[in-house]
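Student: From the sequence below, what's the structure:
(chains A and B)
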Amino acid sequence: MTLMEVNNLRTYFGTPQDPRRVVDDVSFAIEAGKTLGLVGESGCGKSVTALSVMQLLPTVALNAGGEVLFKGKDVLQMPPASRRYVRGKHISMIFQEPQTSLNPVLSVQTQLLEAISKSVREGGPEGAIRYRSKAERIALAVEALRLVEMPEPERRLREYPHQLSGGMRQRVMIAMAVASHPELLIADEPTTALDVTVEAKILDLLRDLQAKLGMSILFITHDLAVIATMASHVAVMYAGKIVEKAPVDDLFAKPLHPYTERLLRCRPTRGRRGQALETIRGIVPAPEQYPPGCRFCGRCPRVFEPCQMNEPPLTEIEPGHFVACHLYDKGAKPEIWTAPAEAAEAAQAERPEDGVLLDICGLTTHFPIYKGILQRVVGHVRAVDGVDMAIRRGQIIALVGESGCGKTTLGKTLVRLLPSTSGSVFFAGQDTMEFDERSLLQFRQNAQIVFQDPYSSLNPRMLVQDIVDEGMKVHRIGGGRADRLERIKALLAEVGLEQGAMTCYPHEFSGGQRQRIGIARALAVEPKFIVLDEPTSALDASIQAQILNLLRKLQRRNQQDWLTYMFITHDLGVVEYIADDVAVMYLGRIVEQASTERLFDEPLHPYTDALLSAVPHLEKNAGRKRILLEGDVPSPSNPPPGCHFHPRCKHAMPICKEVYPDVTNMPDGRTVRCHLHGKKA
Amino acid sequence: MIAYIVRRLLAAVPTILGIVFLVFAMFFIANSPEEMARRTLGMKADKVAIDKWIEARGYDLPPWYNKHAVGTDKITKTLVYQKCARVLMFDLGRSDSHQREIAGEIRRRMMPSLAIGVPTFVLGLIVHITLSLIVAFLRGTYLDRGATVLCVLMMSVSGLFYIIGAQFVFAQWLKLFPVSGFDWGNPIKFIFLPVIIAVISGIGGGVRFGRTIMVEETSKDYVRTARAKGLGESVVMFRHVLKNASIPILTGAVMALPFLFMGNMVMEAFFGIPGLGGMTMTAITSQDYAVIRAMTFIGALLYILGLILTDISYTIVDPRITLGSRGSKSLRGQPSFKDVMGILCVVAMAGGAAFGIYKAVKALYEIDTRVPIVSNGVTAVSMLGLLGFLLYARRSELWTSAWRQVRRSKLAMVSLAFLMLYLTVGVMDSISWKDIERPAGNAPGAKAAMTPPRSILDRLCAPLAKNQEKTYSAPLATTLVGKETVEKLDEDGKPVMLDGQVVKHRVFKPLNHPGSHLLGTDKTGNDVVYVMLKGVRTALTIGGLTTIIAVPFAILFGVVAGYFGGWVDDAIVYFYTTLRSVPGVLLIACFMLVFGKGIVQLCIVMGITGWVGLCRLLRGETLKLREREYVQAARVLGVGKMQILLKHIVPNVMHLVLISIVLRFSGMVLSEAILSYIGIGVGPDTFSWGTMINGARNELGREPVVWWNLAAAFLAMVALVLPANLFADSLRDALDPSLRVRGAGDRS
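Tutor: Next up is the predicted model:
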């Protein structure tokens, strides 16, 4: 049975004379009890589609037409009061940012009770109306929290959103959404802001709830792997239109649209190690720059004449499999599809001789907490709490872990952005923590960092050439101004930017291009070691592939002396693709370090195991046995005694509660800190 | 909680000591008891009288240390102890003028002040929140747009206008309320009008502030969640938006709470309320230093109390905030020795430059040339500065993109045209030279003398300036306003005689230049249009010079405090908290009493008090910016601290500086009027709108009413302040990136 049918939905922004077609002629249907996944890159109109269905659009939006039939009634034509009723009772929605989506000054109880209607019809739709007492509604609220498996629901009711962790906030959001037992749940990127272990639990919860309550879900995400585990049908959106629609297995087994096909192939995986990733050139066009023909034609590898002229309609090619592409037109004669010749990797130059570039010994970075009348230091946030690790020359070492585990602090401490509390870091034999001002300046040339957010990492008031030039000026590299400009030109070409970019300001670039500028800035001083702090996590999948390729290419720009990267990330797919070594961090310490193959094949530490198992996989049977972790990451200011991981560990032994395990060097060169693998075990 | 309050009170101790020192410095270092006595008793008073005055008031003690006293008296028998430190024990001493116990005086006058202050506060809060809620509810409609413009208009009108206007309409004309006075027997009769006026004059600013906050809240994600739950719009507004929006509104109001006690000076003076405000005002006009000192201390203490109350009220309305603990995520850096030396060098250089300029200006001022060097020079330099800024702005991305956006708004362009018109008038009035006056005839030996300098404006308006009358005349009238007793003349022009006496009668005396005064003439017979035009230069000078003094300080201290942190930050924060905790009017009053009235003094003291707000803003912004990734990237590249400040921090706070300059400008014009009214603004011989109002306010009681003088001054002010406010608004929209994002996310 079809629960909701969306026909030719159009939502435009701007003025009627000059509309920006953000959602343009979108049609789909959601079956009762099933999940429809809506995927695409950012800026494709996924969220606006959901908001149009709910009629929660910003004022600048124009409802340009179409219909949203919910059980046969058009939501768009309803008077506001009945639309509100449908919203609260039959269709619910959860959002991406649980942090901002809950009202910070109202208690969980107040917000939850709002979602529970005060009256109920007893005995079917014609029955008498009965009013619920406050106590009854509170009981229902507790039940809703139980439904989302919230620990200690009664206590949570009295708490405020800021007292909850990110995962718990999202549970409250879900509880609010399902408290009225809706028939349709719209989930707009519900796990994007969450850690992978929390994501796994929330996804499980949503699947459970769907089974229990029999509701349908419209699941919006950019993550193909998540959609593969959640949806029964998938619609792929591109530039305001649905370009492909199919049952989930069909879509992943046999993607028809070149966009879908490329999107699947640009994902970094282990299988593509050592080769360049396929990419989609360019970026998603802005609504005011849509080409007249197919909107993908500017980026499509298989573009031919008709694509420039007409927009392809969404047609059913195979039963249930719709696609909007001229390749499948009757009588179309596109060039024969050949996989583009892989850019032959520069003859796999042998990695130059190894040797330790960075030797980290017992490094700690603590932030004091002040309290009391005299603002005395009463404790420390132990962001980095005794890290030992060696980074070999010319290697890519990945640093993984959940948010708050201290990855970024470690990276920033290594490049001396944050002062260390104790310990030492030997760079080419010298302790960088002891450097005086002059040797520090020299070290600054050798160690650079690339930041996550491409928007805040470039000074908006400086020209690109000045941004790149700044470091060269400080370190007197590249001679006079004219010579430096030549170098900047070459450098920008190397990172894939056009010459004209030099005299532009950062805001004229897209996220991916900004990240290239950030990389050029770091490379300008010819460093030996670069900390890459989540360099691709703010980017779309196709852009991520471009940047990863660039980073791999740049690592070898000097044949004799490869660059050394520390790649901080939470995306294990990227790690599998790019890293030589992996270090897993938990509450300020490295719990396991090994070569990428060894670590992924045979994780030793239970935390590594859980982390790896939480990652959603596109290939259905590739998934390992799921290990769901109990509870949340403890606060780094008050870590549990003994092994920090023991309260969440399935294999916890009595000794784990008392002693933090020492480093165990395994015969194959990997290190692990766990009593299971220690000498005593 | 208690630990927190104790800590805050302990932290207030140095601030209070700083205030003691500040007041002491102003009264006893910059000023000597002799001068005080001389000012009170008159310049010609003899030595004996002065000594008597000084001795009676206990000003004959040594300032810091009494060599002749015994024991602890060595310290206590000093000016700093007797006149300043004893205030800390709430021993306020006696007033200079009547030798009355100040504490008793305060106790007596406190209640009438509160009788007006408390209803104003409560009613004002209710009215502001209600109106802002209504306007925010209607956001995006024409009503909302109309209300926003109305708010700006109400903000642009001088507070004096509300008082004078309402007093005239309700008390003098309709006779609904008594004009002034206070009586505990029937307080409502006397309180009603002042309270209503105070509430109304605050509506413009209050509602605009409230609306901005509420509209900002309505675009937050949680509002979307609430709507997604199917809640009605009124529940969304009242439960979700109002509670969040009331946090800044309420806590802002709490800050004002202690000051209710101080009373409203202008209001009490106008309505003859025997409160503390009136007392302060009398003290200023009668130069009662002891009372001013006492009120300054009390004001400062109340400010500190207000700060603590604000913090506590935050914890009550916002569950996220708890007192007492301050978890710090990032390490506050400590400035190195080199940094401090660098900062001190910059400060010393700035101070040296300021002193050098002062000396040079003074020297130039003495030179008597045909073209006055100082006034023309200052005009030329500021014009060149403006030109330089425009040339720089043409090449800078920030300013050109802002300009493109501002140009799209018609309102902003019309406002700019107004501002340019004023600027032209001001500049024309600033370029002046002297004429050589040849003596009549060609008498040998007669030397050519020089007239006082006359500006281009004077020359253009020569007829207006010359056409003086004897006293008031109505717009375009042919006769003076009042009848005068004159000798009766017959047709031949000879006096009519009766019984050997000259016959006199009362007539409207004809004007020298009938029908030529578009807005009439003032008390001394000057043409009001001319006086109004002359006031433009004063207003622009006050706005401009104050900015030139305040902004460099604000940028230097704000950015340095925010970026370096550590004890440099502590020192700067301490410095401006101390300065800020002295009530502004009293600080200005002290300064003007000590250094004399005048436009330059006014600009200097308003510059000194004016940099604090911008400094705080810039410090906060710098704290945020220094954590930005591009600043961190610069640090990793090894860029020096000064370079980071100049290239990464300062350019990214300039938009705030510009917005605050334009906003501050209109505030300065309005405060000048009030200060001149209180009698601590520019001197009475300077042309300014404030002196115009001050001179004309008592004339509303005349029959027939002399209104044109006031009307002209208010009109001239509104026509400058309203465009400035509107232009500031659109400039802010164009420059503030956070507003740009917010505008796009506005939901309904």
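Student: going forward, measure contacts between C-alpha atoms and count neighbours the same way
Tutor: Will do.
Student: Could you chop the chain up by domain?
Tutor: Because you didn't say which chain, this covers chain A. Using automatic domain parsing, the domain parsing of chain A gives A:2-238, A:356-672.
Student: To clarify, I was referring to chain B.
Tutor: By the record's domain assignment, chain B is partitioned as B:2-89, B:107-317, B:347-392, B:415-433+B:452-468+B:517-716, B:478-514 (automatic domain parsing).
Student: What number of residues are in the vicinity of residue 616?
Tutor: Going with chain A. 25 (other C-alpha atoms under 10 Å in any protein chain shown).
Student: Actually, chain B is the one I wanted.
Tutor: 22.
Student: Mind telling me what element it is part of?
Tutor: According to DSSP states H and E, B:Arg616 maps onto helix B:599-625.
Student: Show me what that helix is packed up against.
Tutor: helix B:528-564, helix B:566-581, helix B:584-595, helix B:650-678 (3 or more C-alpha pairs under 8 Å, 6 or more residues apart in numbering or on different chains; DSSP states H and E).
Student: Residue numbers of the stretch 301-450 of chain A in contact with chain B?
Tutor: Contacts of the stretch 301-450 of chain A with chain B, taken as C-alpha under 8 Å from any C-alpha of the partner chain, map to A:367-375, A:381, A:415-418, A:441, A:444-445, A:447-450.
Student: Can you flag which of the residues you listed belong to helices?
Tutor: If you go by DSSP state H, those have A:Leu441, A:Arg444, A:Gln445 in helices.
Student: Which of those residues sits closest to A:His651?
Tutor: A:Arg444 (43.6 Å; C-alpha to C-alpha).
Student: Enumerate the residues of the stretch 1-150 of chain A near chain B.
Tutor: For the stretch 1-150 of chain A, the residues in contact with chain B (C-alpha under 8 Å from any C-alpha) are A:54, A:56-60, A:81, A:83-89, A:92-95, A:100-106, A:114-115.
Student: ok, of those residues, which come out buried?
Tutor: Among those, those scoring as buried are A:54, A:56-58, A:60, A:83-89, A:92-95, A:100-106, A:114-115 (criterion: 16 or more other C-alpha atoms under 10 Å in any protein chain shown).
Student: residue ranges with poor pLDDT in the stretch 351-500 of chain A?
Tutor: For the stretch 351-500 of chain A, the stretches flagged by pLDDT under 70 are A:351-353, A:372-375.
Student: Just the closest residue of it to chain B, please.
Tutor: A:Ser457 (4.2 Å; C-alpha to the nearest C-alpha).
Student: what residue ranges in the chain score low on pLDDT?
Tutor: No chain was given, so I picked chain A. For chain A, residues meeting the criterion pLDDT under 70 lie at A:123-125, A:332-353, A:372-375, A:620-624, A:679-681.
Student: Can you look at chain B instead?
Tutor: Ranges of chain B meeting pLDDT under 70: B:30-31, B:40, B:43, B:84, B:97, B:323-334, B:438-448, B:697-698, B:701-703, B:736-748.
Student: I'd assumed B:Val361 was in contact with B:Val374.
Tutor: Yes: at 6.5 Å, B:Val374 counts as touching B:Val361 under the criterion of C-alpha atoms under 8 Å.
Student: all strands of the stretch 151-300 of chain A, in order?
Tutor: All strands of the stretch 151-300 of chain A, identified by DSSP state E, counting those that start in this stretch, fall at A:184-188, A:216-221, A:233-238, A:241-247.
Student: Report the separation between the residue nearest the centre of chain B and B:Ala256.
Tutor: Nearest residue to the geometric centre of chain B (C-alpha atoms, centre = their mean): B:Ser671, 3.6 Å. Going from B:Ser671 to B:Ala256 by C-alpha to C-alpha, to the nearest Å gives 19 Å.
Student: so of the buried ones among the residues of the stretch 1-150 of chain A next to chain B, which ones are in strands?
Tutor: Using DSSP state E, A:Ser92, A:Met93, A:Ile94 are the members of these that sit in strands.
Student: could I get these as CSV with distance to B:Met349?
Tutor: Below are those laid out as CSV (distance: C-alpha to C-alpha, whole Å):
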residue, distance to B:Met349
A:Ser92, 64
A:Met93, 61
A:Ile94, 59
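Student: quick one: which of those is nearest B:Gly277?
Tutor: For those, the residue nearest B:Gly277 by C-alpha to C-alpha is A:Ile94; the value is 55.8 Å.
Student: Go ahead and confirm the closest one touches A:Thr191.
Tutor: No: between A:Ile94 and A:Thr191 there is no contact under C-alpha under 8 Å: 10.2 Å.
Student: Do a quick rundown of the helices in the stretch 151-300 of chain B.
Tutor: Using DSSP state H, counting those that start in this stretch, the helices found in the stretch 151-300 of chain B span residues B:159-166, B:187-218, B:221-228, B:233-235, B:242-256, B:265-271, B:276-285, B:289-317.
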